[in-house]
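Chemist: following is a predicted model, sequence given first.
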Amino acid sequence: DVKVTQSSRYLVKRTGEKVFLECVQDMDHENMFWYRQDPGLGLRLIYFSYDVKMKEKGDIPEGYSVSREKKERFSLILESASTNQTSMYLCASSFIPGPYEQYFGPGTRLTVT
Amino acid sequence: QKEVEQNSGPLSVPEGAIASLNCTYSDRGSQSFFWYRQYSGKSPELIMFIYSNGDKEDGRFTAQLNKASQYVSLLIRDSQPSDSATYLCAVMGAGNNRKLIWGLGTSLAVNP
């Protein structure tokens, strides 16, 4: 079974703090994704990566950065957390070749106060 | 803008009935289609995927794809209260860029 883990289930941070969210997958997947999910807005792609040290912007990259130093690990960084970044953050991975179904971690509920 | 549309619901069905969930997509070149289930407060989990026209069955679930009409559906037979969740439709667009385009989901309530 595919296993995607995320560093925290719940996280509370203060405005202006630097926040690290980590995601690890154990299935040697090439592709990794970070989403945020908000009521009424669905899943929105923040960043994704097709390979180590590679990253691509998704639909809403502003205020976020990512790091992929190892194939199994994909980190999302909030450089200076703001209250509008309060959300559920979901990491996913998929493998080559297709059809590229994505497997999700349990999610991190981040609250920025 | 490539889009995936789902009726937000809630769709309410009695226990034991067939639940029918629908999804339309705008990109005619889309290649693969996915259905996910998401319980409240949990992450999405893959139910099944389909990439050829027609039906694909997996247990109580059947996915139906009609590329000419740009329409994909999920049927859940013998619905159970445990099927109550939000069902997300996702589409792999043309160009094989490995990203999925997501619908907003349909909320399903199965009433005992």
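Modeler: It's in. Numbers count the residues shown, from 1 in each chain, chains lettered A, B, ... in the order given.
Chemist: so where do the strands sit in the chain?
Modeler: You didn't say which chain, so I picked chain A. A:4-6, A:10-13, A:19-25, A:31-38, A:42-49, A:56-57, A:64-70, A:73-78, A:87-94, A:103-104, A:108-112 (DSSP state E).
Chemist: correction: the question concerned chain B.
Modeler: Counting by DSSP E, the strands of chain B are B:4-6, B:11-14, B:19-25, B:32-38, B:45-50, B:54-58, B:61-66, B:71-76, B:85-92, B:100-102, B:106-111.
Chemist: so where's chain B uncertain?
Modeler: B:96 (pLDDT under 70).
Chemist: for it, which residues are neighbours of chain A?
Modeler: B:31-32, B:34, B:42-46, B:49, B:51, B:88, B:90, B:92, B:96, B:98-100, B:102-105 (C-beta under 8 Å from any C-beta of the partner chain). C-betas here are computed from N, CA, C, even on glycine.
Chemist: report the beta-bridge partners for the most centrally placed residue in chain A.
Modeler: Closest to where the C-alpha atoms of chain A average out (C-alpha atoms, centre = their mean) is A:Trp34, at 2.8 Å. For A:Trp34, the beta-bridge partners under DSSP bridges are A:Tyr47, A:Cys91.
Chemist: ok now do the closest residue to B:Asp83 other than its chain neighbours, which residues does it touch?
Modeler: Spatial nearest neighbour of B:Asp83, excluding adjacent residues (C-beta to C-beta, 6 or more residues apart in numbering or on different chains): B:Val110 at 5.1 Å. Applying C-beta atoms under 8 Å, 6 or more residues apart in numbering or on different chains, we find B:Val110 in contact with B:12-15, B:17, B:19, B:79-84.
Chemist: now, among those, which is nearest to A:Tyr89?
Modeler: Closest to A:Tyr89 out of the contacts of B:Val110 is B:Ser84 (24.7 Å), distances taken as C-beta to C-beta.
Chemist: can you report how many residues neighbour the closest one?
Modeler: For B:Ser84, the neighbour count with other C-beta atoms under 10 Å in any protein chain shown is 19.
Chemist: any idea how far B:Ala109 is from it?
Modeler: To B:Ala109, B:Ser84 is 5 Å away according to C-beta to C-beta, to the nearest Å.
Chemist: residues from chain A in reach of chain B?
Modeler: Going by C-beta under 8 Å from any C-beta, the residues of chain A near chain B are A:31, A:33, A:40-43, A:45, A:48, A:50, A:58, A:90, A:94, A:98-107.
Chemist: filter these down to the buried ones and hand me the PyMOL line.
Modeler: This is the PyMOL syntax for the buried subset of the residues of chain A next to chain B, where burial follows 16 or more other C-beta atoms under 10 Å in any protein chain shown:
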select buried, chain A and resi 31+33+42+43+45+48+58+90+94+100+101+102+103+104+105+107
